[in-house]
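**Student:** quick one, what's the 3D model for this:
(4 chains)
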Number of protein chains: 2
Amino acid sequence: MPPKSRAEAMGETREKLIAAARKAFAQKGFSAASMDDLTADAGLTRGALYHNFGDKKGLLAAVVAQMDGEMASRAQAVASQATDEWAGLLAEGTVYIEMALDPEVRRIVLLDGPAFLGDPSQWPSQNACLELTKQTVGRLLEAGRMKPVDVEAAARLLNGAALNAALWVAASDEPRSVLPKAIEAFHVLVSGLLLDPGQA
Amino acid sequence: MPPKSRAEAMGETREKLIAAARKAFAQKGFSAASMDDLTADAGLTRGALYHNFGDKKGLLAAVVAQMDGEMASRAQAVASQATDEWAGLLAEGTVYIEMALDPEVRRIVLLDGPAFLGDPSQWPSQNACLELTKQTVGRLLEAGRMKPVDVEAAARLLNGAALNAALWVAASDEPRSVLPKAIEAFHVLVSGLLLDPGQA
DNA sequence: CTATTCACATACCGCTCGTATATAAAAGTC
DNA sequence: GACTTTTATATACGAGCGGTATGTGAATAG
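**Tutor:** Next up, the predicted model:
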């Protein structure tokens, strides 16, 4: 094994810290997670953390960016397998709801992220999930299949509805029985955007 | 002025602390707000706070309960003036969006509340806003004007969409020009729940 | 009038984040 | 290849935080 170059060694520590932070933030929440414990868990100290991410919020931003990217690519993979654009939008929303059942996603991306980093539209990661939904909505509008609405407004409402549905499902006593209700209600709600109900 | 009874004196300190907390939480956010500063601002010390609310989260819960109640009563007042139930639901959602433009509401009820107290459906305050929407949806379902969906699911999705729309509006560069877009998109989306589009 | 309760203040402790400093290894230079 | 510089990480320190344990004086009860 050749000696690691400086750049790739630093990349590894960044990955280790982000992985440890993901676990700690998901388990204890952002504000209750200790940076001493977190860095020790990664075999490092706070020195590495401050050098790489500036401060605690910088680390959160990096974690959120990573998870947001993962979520978006998964959503895109699902949507691309749909038969048409409209089915793709429905599938995209559905998979957002399902992904938000993961406690890690819920706590970090949906709760602590907005509370400590501000609105997702201003995140450094550019919020890949929201961008993806905007593109899908834009294509549907161009195809003349949707009522004329503002693209960004529609995307925000769709994401908001999906994510809130997921929070509800996750907090319920029997998530597995509540999930289909949430998905069905989401589909009904989204149908309001459809221009010609006969096409649905 | 007669000497204050013990009970009403305690009520006054509770009110003073809640008022000071509302201001502090809105300005600095829950986690950054200092309980020493906050209580001193109310002319008290942390002793009063721990005696009345148990801990910092207890104070947040009390603040959220108060604000949630205020929002629900305002929404009910607006909805009750609508011509029919359907218009009432639309008006209710619209006023939620508008209320969420208040920075105090946004920060405390929409961001810090869920992050530190968990899902709104489990708040001690019982979440009056959500309850109100559920009742409205329930009446529309009984009247046969809505597609058959789960009441709670529909209410959660509607609130989620409205609140997320508000977060988007508030974070935008020109809230005043974006607000009507959000409201219109909300109305279009909600129309998906309507059974007979001709009635809208 | 005495005894008790209790609402609030004070004192203290462990822990946390951020910074300032130290160190050792890689990278650059000739 | 030796010397200097850069820099990625570790260490040390201080200010401030929340929570608890304890003190205190006024309102209540008998």
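**Student:** which positions in chain A make contact with DNA strand C?
**Tutor:** Residues of chain A lying close to DNA strand C by Cβ under 7 Å from any atom of the strand are A:3, A:5-7, A:33-37, A:46-47, A:50, A:55-57. The C-beta positions use only the backbone N, C-alpha and C, and glycine is treated the same way.
**Student:** nearest residue to A:D112 other than its sequence neighbours?
**Tutor:** Once flanking residues are discounted, A:D112 sits nearest to A:F30: 4.0 Å by Cβ to Cβ, 6 or more residues apart in numbering or on different chains.
**Student:** got it, and A:L49?
**Tutor:** A:T39 (5.4 Å).
**Student:** which ones are touching that neighbour?
**Tutor:** A:17, A:20, A:45-46, A:48-49 (Cβ atoms under 8 Å, 6 or more residues apart in numbering or on different chains).
**Student:** ok, so of those, who is nearest A:L179?
**Tutor:** A:A20 (30.6 Å; Cβ to Cβ).
**Student:** give the contact list for that closest one.
**Tutor:** Applying Cβ under 8 Å, 6+ apart to A:A20 gives the contacts A:38-39, A:41-42.
**Student:** repeat that for A:S73.
**Tutor:** A:A128.
**Student:** let me know the helix or strand that it is in.
**Tutor:** Following DSSP states H and E, the helix or strand that holds A:S73 is helix A:56-80.
**Student:** so what's the backbone phi/psi at the residue nearest to A:K181 when sequence neighbours are not counted?
**Tutor:** Using Cβ to Cβ, 6+ apart and skipping residues adjacent in sequence, the residue nearest A:K181 is B:D150, 4.1 Å away. The phi/psi pair for B:D150 (degrees, to the nearest 10) reads phi -70, psi 130.
**Student:** okay, domains of chain A per the record?
**Tutor:** A:1-54, A:65-199 (automatic domain parsing).
**Student:** pick the most deeply packed of those domains.
**Tutor:** Ranked by average neighbour count under the criterion mean count of other Cβ atoms under 10 Å in any protein chain shown, those are headed by domain A:65-199 at a mean of 19.
**Student:** now it: mean pLDDT?
**Tutor:** Averaged across domain A:65-199, pLDDT comes to 93.
**Student:** next one: it to chain centre, how far?
**Tutor:** 9 Å (Cα atoms, centre = their mean, to the nearest Å).
**Student:** ok, the spatially most central residue of chain A to DNA strand D distance?
**Tutor:** Centroid-nearest residue in chain A, with Cα atoms, centre = their mean: A:D68, separated by 4.0 Å. Distance of A:D68 to DNA strand D, computed by Cβ to the nearest atom of the strand, to the nearest Å: 23 Å.
**Student:** got it, and A:I108?
**Tutor:** In terms of Cβ to the nearest atom of the strand, A:I108 sits 22 Å off from DNA strand D.
**Student:** do A:A171 as well
**Tutor:** From A:A171 to DNA strand D the distance is 22 Å (Cβ to the nearest atom of the strand).
**Student:** dump the contacts of A:T39 to a markdown table, plus pLDDT, distance to B:A155 and secondary structure.
**Tutor:** Putting the contacts of A:T39 into a markdown table (pLDDT from 0 to 100; distance: Cβ to Cβ, whole Å; DSSP: H, G, I helix; E, B strand; the rest coil) gives the following:
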| residue | pLDDT | distance to B:A155 | secondary structure |
| --- | --- | --- | --- |
| A:L17 | 97 | 41 | helix |
| A:A20 | 97 | 39 | helix |
| A:T45 | 96 | 48 | coil |
| A:R46 | 96 | 45 | helix |
| A:A48 | 95 | 46 | helix |
| A:L49 | 96 | 42 | helix |
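**Student:** those residues: which ones sit near DNA strand D?
**Tutor:** Counting by Cβ under 7 Å from any atom of the strand, A:45-46, A:48 from the contacts of A:T39 sit close to DNA strand D.
**Student:** contacting residues for A:A161?
**Tutor:** A:93, A:186, A:189, B:157-158, B:160-161, B:164, B:189.
**Student:** please redo it, this time with the cut-off set to 10 Å
**Tutor:** A:93, A:96-97, A:182, A:185-186, A:189-190, B:156-165, B:189 (Cβ atoms under 10 Å, 6 or more residues apart in numbering or on different chains).
**Student:** swap in A:W168?
**Tutor:** By Cβ under 10 Å, 6+ apart, the contact set of A:W168 is A:97, A:100, A:175, A:178-179, A:181-182, A:185, B:119-121, B:130, B:152-153, B:155-157, B:159-160.
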